[in-house]
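Student: just coords:
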């Protein structure tokens, strides 16, 4: 399987390279970087020395030779993927976009939250959350890989909503992310001296992952759901923890909740830790796992669900490879059996 | 003013010494440490070399000579303070307890959450949140210094409840703390390799600061309030960020909210950052400030209030000195004008 | 190949489990933990949930059934390995000790630096630095896996000494290690609040890796060498960086130095980055690589060699598996092709 | 005393504001920032909210009105200070430059290492290391505040060289710095995800603090000294630890070494911890202290001296205020009695 990566010099691109190194079917064809075209991969990412010996090329080369790749991962800032995607879609190559451009069923939602016009509305992209949409993913031509916060939130809450155990009002997702989620581009909010020994919220009431989470929670519940979503910046590199609050309907029992999470039986990357468990980002770091646990507050008849994943793996590049596996008829787990790096 | 500290070898004890060094009226009389009695302060805390030249003594010495001190700070694990407090209360010395023993108006609440009998029920202790209870604090004989999460939560939400702007159901406090809040005692959950590059929740639905927060929010609201409180462990040493959710009553306007926070006008340690602000723990580190900002979610008619403080200063030792100042008729700010240590 | 691990509940034990998961020939037989015997692996290490489903047993079980294992890794504090090693050596099982007990050719050196008598002097153990001693390792019955600082130091300096390019006086190794090197046992020097935002030296002039480094540098040079070795504690979990200073002999040219490092040609885990390169611990984290670069100070006719490795992989468990591969006639790289986890 | 700061929006500028807040004689006149002129201090540095209410102005304003300030601190990148310094020197205002422009007695050394022409050669600047040069500092018109690594290295080694106890060959300074030393300007090497959980060297054999250290060690020894100096980037914000190696002359006794450090008796910011002590950056963080300890390696007749300071305080802004105090006839300690922030 010949694989190219557009935008390979960002963190999700580098992480794709890490993950794909263990993938027995993967062969890297092109890696693009507009700013580093011509440079060797290892000159930009010394940790890949001796492992990847390619040089970066520019994006045009890949687009022009689209048929030399079986699948192209696109790891570009939002707004850029849809224009290259539109071009690539004319070929037989499959496209996996790690950004936001293809994530919304209704492009008006995209335009409202991302403040730019959508230029590839008829893409027919499939939303790539394998634990929920594996059947559709298998036939995807253009796949929209979900956001990191989104994956953590949707997988945490969907079982309760599908099973009708919680009220659809007053759902709150309070989450923290590592700094790698903000990418490799330089900004003061990713500057070491600002982030280290610091903890703060950002994007309060208006983070762009909100409508993405809402779309899929609504689908699970069968009714429109609006949530509070508050992301925080934790002084770590990798990891997302989502702490999700929902009011239980009357007379819901602990066993009902446990049963709801049985939808993940047979899903290799969801570790359901169960009642009373507190997932930790370090327990999943470097792996494609998402760990889920929950707590019942009897005083308030409320459930608190916690989920942890590595934003660069299950929240981005690992999930993208998981989707690729499904799209090409491979075992979902191929290349994804890394043990979390602990401690 | 002669000051002794019982339990001076823990982090809050050391922090009292840091804060008091700038206090022009303070003179240290006794510092106790059961495990380090006889040792010099600087042998246990080398950062205090040349600044404090005393040796630690044992607790008995202080209790026996209680009248040599004008005020005694007690920084012991809960359960221990009330027995020494009962003894000390026979003397004219004033007592400031940094632990939980004297924090609850109703000792049954203490016993229910701390699982031990209360042995000093008639202490008549005053709850030391100066921004709310300064008048009572001035006459306190035994002062209960509030918890760190508690201070952050109560000061964030009280204005909205006092002004009757929010509904009293569905209040959620989601907070993160630095590791110093867990003290200097060794435990796996404070072990560097476990905490670094990690983020997780703990005490979900059952943390002991919950009833303390509820008592004072209920007082502000004039009706019983129960909240969800979820603490998280952030891989930082100092700092608490509380993210608080409450549903607005109908037709509440942004100006109403801003006006509610006017109760902090003239309160030197509350920096009201206002609508749209995101406090950060680093902005208050090493200082006695609490920074408060809020966001209004029009889609949900909900307010998200954020507060940040240094758990060892405004969340413990700084607030204790602020209380001491009030109890002895000094300017509240005496010794507390440290600029936050940034970056 | 049936593998048991004695002392599997420490960090090097857990890391062996991580590394061996990718090893296609490995089958875990017994995992021991005296303090956690009977407990499941995932109850102690939640990151291993779903991956390892065994329970820990006690050490006796493994010793009694020594012939059920082809190889036993021993990850015990020094002093303990030699007694169990003596017992195990009666069987045909091969032994790989990750501690210090078998590392010294001269047990008097061990006794002088570790201050305890050596009780298994005739063990005939082989020192397991595969890049230097592969031939001997292939026939080892008891293998002494080198220390973490030791591996970094010896591999950095050996080429220069073997080639006779540097003077043997005034060699200095100044190194920093992550905190995981101190293990999972609780101590103040591994307490998060003490280590975070801190940097300090320890073991100055008397660290026990000193004689181990000296033994092998002396072998390379063909003359006795004594060095200054100063370890530092860096506030990271994984990683060792060794900064090594040596005075060049007159008229040594840059090409001579580069040629000396050619001894690592064909050694898959040594990445020779060459003149002017600065290895970083993050570039090797989670992998079995050691990166080596050097700088020539013409003003002083001195060379500064830098090496970086992950103390738990190439500095412990990864190297142990590399040794196991050699001892069992497998490709040295089996199970060890993890890409460094970056960022 | 009216004080202005040119380049006040960088970290050393912000740190000057922190330190000066406690200085009873200080009154801030102008704060400049070219990029933030017109903005309030607290909009750029929220931690200073309520403490500093000024706005930044541009540099021209200060230069034009130079006589409104008694002293002007210049915190600009090297190369910029000398042009503004030349202009300011025409007035009676005293100038304290925190950069490199005025640090070298021989401007040819500056030009060789900084690769730009020196345009203010007749400045007559005084090198501001108060523990060594207090007498000259008292009369300085233009003061060159020393570098951070430089202060740590010179104060560590000067006593041994002055006393003639060590050989002048083979002196090595191996040091690590926090990231704040690289300032607030964005660069990949200060990007959180790159630095966190990482440790590496930089500027090996060619860091610009080398000649500055050498100049003053040579002065102490009375003979020319050249050293190896290797800086490392530690993943902390504040702090420098210097580990310094020197060969003892024959028959030097421990008492001789201790006696050499008596030159710091009465120097309030040097804490001589003595033989066997290991200074830690956390013990001095946020304070103007430098802690010094040493170890004697009898096997090699070598001494290892360690020093720790906060690069933004004793390594920059605190030392600058200490110099200001001397220049204006104040007690050296004025405004500088902060207790280190620990933990």
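Tutor: Noted; the coordinates are in hand. Bear in mind the structure is a predicted one, so any value in this text is a computation, not a measurement.
Student: Contacts (any at all) between chain C and stretch A:319-329?
Tutor: No. Interface with chain C: stretch A:319-329 contributes nothing (Cβ under 8 Å from any Cβ of the partner chain), its closest point being 13.3 Å away. For every residue, glycine as well, the C-beta is placed using N, CA and C.
Student: pLDDT averaged over that stretch - what is it?
Tutor: Stretch A:319-329 shows an average pLDDT of 98 in the prediction.
Student: what does that stretch rub up against?
Tutor: Contact with stretch A:319-329 is made by A:1, A:3, A:12, A:16, A:19-20, A:23, A:25, A:70-71, A:73, A:94, A:96, A:98, A:128-130, A:134, A:137-140, A:143, A:145-146, A:151, A:269, A:288, A:313, A:330-336, as judged by Cβ atoms under 8 Å, 6 or more residues apart in numbering or on different chains.
Student: can you tell me which of these are in strands?
Tutor: Those of the contacts of stretch A:319-329 mapping onto strands are A:3, A:71, A:73, A:94, A:96, A:143, per DSSP state E.
Student: who's the fifth one bridged to?
Tutor: Spelled out, that is residue A:96. Taking DSSP bridges, one obtains residue A:73, residue A:143 as the residues bridged to residue A:96.
Student: Test my guess that it contacts residue A:71.
Tutor: Yes. At 6.3 Å, residue A:96 counts as touching residue A:71 under the criterion of Cβ atoms under 8 Å.
Student: Give me the more crowded residue out of the two.
Tutor: Shown here are residue A:96 and residue A:71; by other Cβ atoms under 10 Å in any protein chain shown, residue A:96 has more neighbours (27 against 22).
Student: where exactly do the strands run in chain A?
Tutor: Along chain A, the stretches classed as strands by DSSP E are A:2-6, A:27-31, A:71-74, A:94-97, A:126-127, A:142-144, A:172-177, A:200-201, A:228-233, A:240-247, A:270-275, A:290-297, A:302-309.
Student: Please dump those into CSV; it should also carry mean pLDDT for every row.
Tutor: Listed next are the strands of chain A as CSV, based on pLDDT from 0 to 100:
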stretch, mean pLDDT
strand A:2-6, 98
strand A:27-31, 98
strand A:71-74, 98
strand A:94-97, 98
strand A:126-127, 98
strand A:142-144, 98
strand A:172-177, 98
strand A:200-201, 98
strand A:228-233, 98
strand A:240-247, 98
strand A:270-275, 98
strand A:290-297, 98
strand A:302-309, 98
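Student: need those strands in CSV with distance to residue A:159, can you?
Tutor: As requested, the strands of chain A are exported to CSV (distance: least, Cβ to Cβ, whole Å):
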stretch, distance to residue A:159
strand A:2-6, 33
strand A:27-31, 37
strand A:71-74, 29
strand A:94-97, 26
strand A:126-127, 18
strand A:142-144, 22
strand A:172-177, 15
strand A:200-201, 27
strand A:228-233, 19
strand A:240-247, 11
strand A:270-275, 9
strand A:290-297, 9
strand A:302-309, 9
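Student: quick one, which of those is nearest to residue C:123?
Tutor: When those are ranked by proximity to residue C:123, the top entry is strand A:270-275, at 42.2 Å, counting by Cβ to Cβ.
Student: Name the single longest helix found in chain A.
Tutor: When secondary structure is assigned using DSSP state H, the longest helix within chain A turns out to be helix A:148-162.
Student: Neighbours of whatever residue of the stretch 101-250 of chain A ends up closest to chain D, how many?
Tutor: Nearest residue of the stretch 101-250 of chain A to chain D, counting by Cβ to the nearest Cβ: residue A:186, 4.0 Å away. Using other Cβ under 10 Å, the number of residues around residue A:186 comes to 13.
Student: That one and residue D:186 touch, don't they?
Tutor: Yes. At 4.0 Å, residue A:186 counts as touching residue D:186 under the criterion of Cβ under 8 Å.
Student: one step back: please produce a PyMOL select command covering the buried subset of the contacts of stretch A:319-329.
Tutor: In PyMOL, the members of the contacts of stretch A:319-329 classed as buried (16 or more other Cβ atoms under 10 Å in any protein chain shown) are selected with the following command:
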select buried, chain A and resi 1+3+12+16+19+20+23+70+71+73+94+96+98+128+129+130+137+140+143+145+146+151+269+288+313+330+332+334+335+336
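Student: Could I get the contacting residues of residue A:33?
Tutor: Under the criterion of Cβ under 8 Å, 6+ apart, the contact list for residue A:33 reads A:7, A:8, A:9, A:13, A:39, A:44, A:56, A:58.
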